[in-house]
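S.K.: Build me a structure from this.
(one chain, ligands or ions: 1)
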Amino acid sequence: MASIEILARDVDDLPDVCMQCGEPARQRIVRHFTWHSSGLLMAVLLLGPLGLAFYMYFGRCLNKRMDVSAPMCGAHQNHWRKRALLKEAPLLILIILGVVSAIVYLQGMFDPGRMPVSLLVLISVGVTVPFFAVISIAIELSTIRPAEISGRAILLKSVSPIFADAYKHMRLLRNAPGTQVDNEQVQSPRDAVCANRQPPRGSRK
Ligand SMILES: [Zn+2]
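M.R.: Numbering: from 1, shown residues only. The predicted structure is shown next:
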């Protein structure tokens with residue numbers, strides 16, 4: 001996966017290449033990205049409850065935002081939605097385990113020979129918390145996300161290298177003097193290679 005800096009002026013006019021896989025994009029998904037500096041997070045942690053209270057009141061003002069009209073193929077149109085659901089799955093498992101523990105506890109009141117509820121809760125937490133941590137990290141690393149947002153640009157991580165190359169190519173064309181670039185002119189590098197392999201017209205007899 002690659003990282004790419006997208007200029008604010010281009011966020012609604014990106015090449016027709018899927019951000020996740022590099023295949024031709026069929027649609028645009030408007031994604032509301034938010035980002036805050038790691039310094040702000042450190043300040044909140046260092047100040048403890050005071051920092052948390054400050055963040056709750058002023059965090060929305062300090063967060064940087066940018067909307068991006070993300071080109072996606074049919075298979076990846078739910079890129080962010082699927083990952084949000086996957087992130088919530090461990091919480092659902094924890095709730096189910098809590099309900100099961102409560103049922104076992106209530107049954108244990110009438111049957112002392114069953115597994116002690118404290119042991120069951122310990123096993124539940126011991127399994128679920130590491131599972132939650134691993135799943136969350138894996139999902140976070142594979143999600144297209146902002147690494148920085150400024151008034152000028154947004155730096156996106158975990159995008160397809162093909163999309164990154166297509167966008168760089170589009171910027172080069174746009175920066176060329178006297179050049180007007182139509183979005184359809186910007187092909188993915190994969191398509192460009194395929195096009196170059198087409199035999200020239202009239203070469204067959
Ligand atoms: Zn795709």
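
S.K.: so where's the longest helix in this protein?
M.R.: Secondary structure of the chain read by DSSP state H shows that its longest helix is helix 79-108.

S.K.: Could I get the buried residue list for it?
M.R.: For helix 79-108, the neighbour count (16 or more other Cβ atoms under 10 Å) marks 79-80, 83, 90, 93-94, 97, 101, 104 as buried. For every residue, glycine as well, the C-beta is placed using N, CA and C.

S.K.: Run through the neighbouring helices and strands of that helix.
M.R.: Of the remaining helices and strands, those touching helix 79-108 by 3 or more Cβ pairs under 8 Å, 6 or more residues apart in numbering; DSSP states H and E are strand 27-35, helix 117-142.

S.K.: Next, the angle from it to helix 117-142.
M.R.: Relative orientation of helix 79-108 versus helix 117-142 (axes from the mean of the first three to the mean of the last three Cα atoms, to 10 degrees): 180 degrees.

S.K.: pLDDT of helix 79-108, averaged?
M.R.: What helix 79-108 shows for mean pLDDT is 77.

S.K.: and that helix with strand 27-35, angle?
M.R.: Using the same axes, to 10 degrees: helix 79-108 against strand 27-35 is 70 degrees.

S.K.: Now find how far off-centre helix 79-108 is within its chain.
M.R.: From the chain centre to the centre of helix 79-108 is a distance of 23 Å (Cα atoms, centre = their mean, to the nearest Å).

S.K.: check whether it contacts the ion.
M.R.: No: using Cβ under 5 Å from the ion, helix 79-108 stays clear of the ion, with a minimum separation of 8.0 Å.
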